[in-house]
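> Provided below for reference: sequence and predicted model.
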Amino acid sequence: MPKGLYVHIPFCTSKCMYCAFYSIPVGTGDDELYRQYVKSVLNEAKMLEDLTANTKFSTIYIGGGTPSKLPAGLFYELVSGLREQFDFEKEIEFTVEANPESLSEDFLKAAIDSGVNRLSIGAQYGSDEVLRFLGRTHTVRDVEVSVALARKMGIENINLDLIFGLPNETSESWASTLKWAVSLKPTHISTYSLTVEENTKLKMLINEGRIDLPSVERIVELFRIREDILTSSGYRRYEISNFAIPGHESRHNLIYWRWHKYIGLGASASSFWIVDYELWRWTNVRDVRKYIELTSQNIPPKDFEENLDDNMARLEKVFLGLRLAEGLDVGDPFIAEAIRENFPEFVEIEGTKIKLTFKGMLVADHLAIDIADFLENPD
Ligand code: SF4
């Protein structure tokens, strides 16, 4: 089974109005903080030596936050340290996330020299006005320049992240964003429907009645537009939010959805691993200073850990597996048929696999809970 390595870099240029990921806005001149953080990540990696012995990782994903904010030399040092600490397969997928405003030639060179072969760019939308509203600090032109630069320097495997379901979003603006993204010829497009998270500016504006989210009908329409434009442009939806030119699906993210094991390093990162023959998940502390303090004393920076019991494992497997176009394998055609009978319109089956219909995809999370309940008590 493939295993993934994730590293969280929790620094951003500024905070986007909808973002609930752990990241702190940092300006220039924070090199000492970056240095301490990288050292801490490598300390954490060292602490996991015994647990990861005999493991060959298949993927590395450096995400955030904004990894492209790290100084190029420090990025190289980070990856060299990871390579010393862990074993990797020969042909790994190595992704780094970047935001257009901070993606420099120096950073890309260090990334490529470190083995990065996939770039995920936070493009978000094809309109400067919308980007400003979202609190992004880049422009449409910056995205185009980033894609061209990455390609010129030899990275062909490029993902663009897009966001939709925005206040006052029209079908036309979403369609033109998708067409713009396609025109840049990325190998992969991730499209996330805006969710309102606690403690965000977005939540505050909604609570104050200053903006409204689109209606359910509008969201369904935006989903349809996405499906039409991307599939007719040669992309295949292989997961609810993710489209790829066949053969360019994210190997790292498939590790999550297929319930394979991964180690996450850094503030707020999560791991899912087998410890003493049992399934464990843990999440690190969110606060960067706390993370640095703990790791510098060789204390595991865990904030929370849990041993997954059968019920949790079932719900999670259903929740993640249903998201994939390849479907959730329930291992028995009669059980698959019973699920189809109980959830007509929402799922279709192929042998022992359950796949979401378009309608099912729109309510996937609720459906996962109902299907997991059904699997626990089929009568
Ligand atoms: S750049 Fe990404 S991680 Fe940083 S604040 Fe914006 S959405 Fe959050």
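Ah, there it is.
> Met153 is in contact with Phe107, isn't it?
No: the pair Met153 / Phe107 is not scored as a contact, 10.3 Å apart, by C-beta atoms under 8 Å. Glycine gets a C-beta too; all of them are placed from N, C-alpha and C.
> okay, these two: which has more neighbours?
Phe107 (22 against 13; other C-beta atoms under 10 Å).
> tell me which helix or strand that one sits in.
helix 105-114 (DSSP states H and E).
> can you pull the buried residues of that helix?
Phe107, Leu108, Ala110, Ala111, Ile112, Ser114 (16 or more other C-beta atoms under 10 Å).
> now swap in stretch 76-83 and tell me
Of the residues in stretch 76-83, Tyr76, Glu77, Leu78, Val79, Gly81, Leu82 count as buried by neighbour count, 16+ other C-beta under 10 Å.
> quick one: that stretch to chain centroid distance?
The chain centroid and the centroid of stretch 76-83 are separated by 22 Å under C-alpha atoms, centre = their mean, to the nearest Å.
> contacting residues around that stretch?
Stretch 76-83 has contacts (C-beta atoms under 8 Å, 6 or more residues apart in numbering) with 5, 7, 38, 41-42, 45, 60, 62, 70, 110, 113-116.
> hmm, which two among those are most spread apart?
Ala45 and Asp113 (19.9 Å; C-beta to C-beta).
> up against the ligand, what does the stretch 1-150 of the chain have?
Within the stretch 1-150 of the chain, the positions adjacent to the ligand are Cys12, Lys15, Cys16, Cys19, Phe21, Ser23, Gly64, Gly65, Thr66, Asn99, Gly122 by C-beta under 6 Å from any ligand atom.
> among the residues you listed, which lie within strands?
In this view, those that belong to strands under DSSP state E are Cys12, Gly64, Gly122.
> how does the protein divide into domains?
Using automatic domain parsing, the domain parsing of the chain gives 4-256, 312-376.
> would you mind identifying the helix or strand in the protein with the lowest mean pLDDT?
Taking mean pLDDT, DSSP states H and E as the measure, the chain has strand 24-25 as its least confident helix or strand, at a mean of 86.
> how about the helices in the protein?
Taking DSSP state H as the test, the helices found in the chain are 31-47, 72-85, 105-114, 128-134, 140-152, 171-183, 201-207, 216-232, 251-257, 288-296, 310-321, 333-342, 358-362, 364-376.
> in JSON lines, list those along with distance to Thr191.
JSON lines is the format used below for the helices of the chain (distance: least, C-beta to C-beta, whole Å):
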{"stretch": "helix 31-47", "distance to Thr191": "30"}
{"stretch": "helix 72-85", "distance to Thr191": "28"}
{"stretch": "helix 105-114", "distance to Thr191": "24"}
{"stretch": "helix 128-134", "distance to Thr191": "14"}
{"stretch": "helix 140-152", "distance to Thr191": "15"}
{"stretch": "helix 171-183", "distance to Thr191": "8"}
{"stretch": "helix 201-207", "distance to Thr191": "18"}
{"stretch": "helix 216-232", "distance to Thr191": "6"}
{"stretch": "helix 251-257", "distance to Thr191": "13"}
{"stretch": "helix 288-296", "distance to Thr191": "30"}
{"stretch": "helix 310-321", "distance to Thr191": "18"}
{"stretch": "helix 333-342", "distance to Thr191": "27"}
{"stretch": "helix 358-362", "distance to Thr191": "12"}
{"stretch": "helix 364-376", "distance to Thr191": "14"}
